[in-house]
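Undergrad: predicted model and sequence below, questions to follow.
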Amino acid sequence: MAVFERSGEYSEQVLEIVAQIPAGRVMTYGDVAWVFGRPGARAVGMVMRYRGSEVAWWRVIRAGGHPPTGHADVARTHYEAEGTPLLPADTPEGYRIDLRQAAWSPE
DNA sequence: ACCTTGACCCTAC
DNA sequence: AGTAGGGCCAAGG
């Protein structure tokens, strides 16, 4: 509840959900957005840019298990530290998160 | 109210 | 793999 201040409640909601993601688990931008009952993966990404510093932004990834743009290297460090299941991939980053196991959703 | 930006998503070439 | 285009939403000027 409320210690967040700044901009709309949307940002608060996003940060709160991300904060609920347990270590070793991840959630896609799209899934987070759908929690609000409305698409808006871009809006979620923007919240990460503005207030992402306060949450485990690395636990929020793109669709398909791809790490956040421009932060794939840092994100991988956190994944390995938390034991997040990763998989080798042909992607430029050379890896992707195993959504089959890491995919998480709030109750 | 209008326009631009952004750590997005999907499809197509 | 990479680029291009269109579409979604929220915040700020």
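TA: Sure, I can see it.
Undergrad: kindly provide the distance from the residue of chain A at minimum distance from DNA strand C to A:Gly45.
TA: Per C-beta to the nearest atom of the strand, A:Gly8 is where chain A lies closest to DNA strand C, at 2.1 Å. In this view, the C-beta of every residue, glycine as well, is placed from N, C-alpha and C. Separation of A:Gly8 from A:Gly45 (C-beta to C-beta, to the nearest Å): 15 Å.
Undergrad: tell me which parts of chain A are close to DNA strand B?
TA: Contact residues, chain A versus DNA strand B (C-beta under 7 Å from any atom of the strand): A:28-30, A:41-46, A:48-49, A:52-53, A:57-58, A:60, A:62-64, A:66, A:68-71.
Undergrad: who touches the most centrally placed residue in chain A in this structure?
TA: With distances taken as C-alpha atoms, centre = their mean, the residue of chain A nearest its centroid is A:Val60 (0.6 Å). Shown in contact with A:Val60 (C-beta atoms under 8 Å, 6 or more residues apart in numbering): A:18, A:21, A:26-29, A:32, A:44, A:48, A:68.
Undergrad: of those, which belong to helices?
TA: If you go by DSSP state H, those have A:18, A:29, A:32, A:44, A:48 in helices.
Undergrad: pretty sure the last one sits against A:Pro68.
TA: Yes. Judged on C-beta atoms under 8 Å, A:Met48 makes contact with A:Pro68 at a distance of 7.2 Å.
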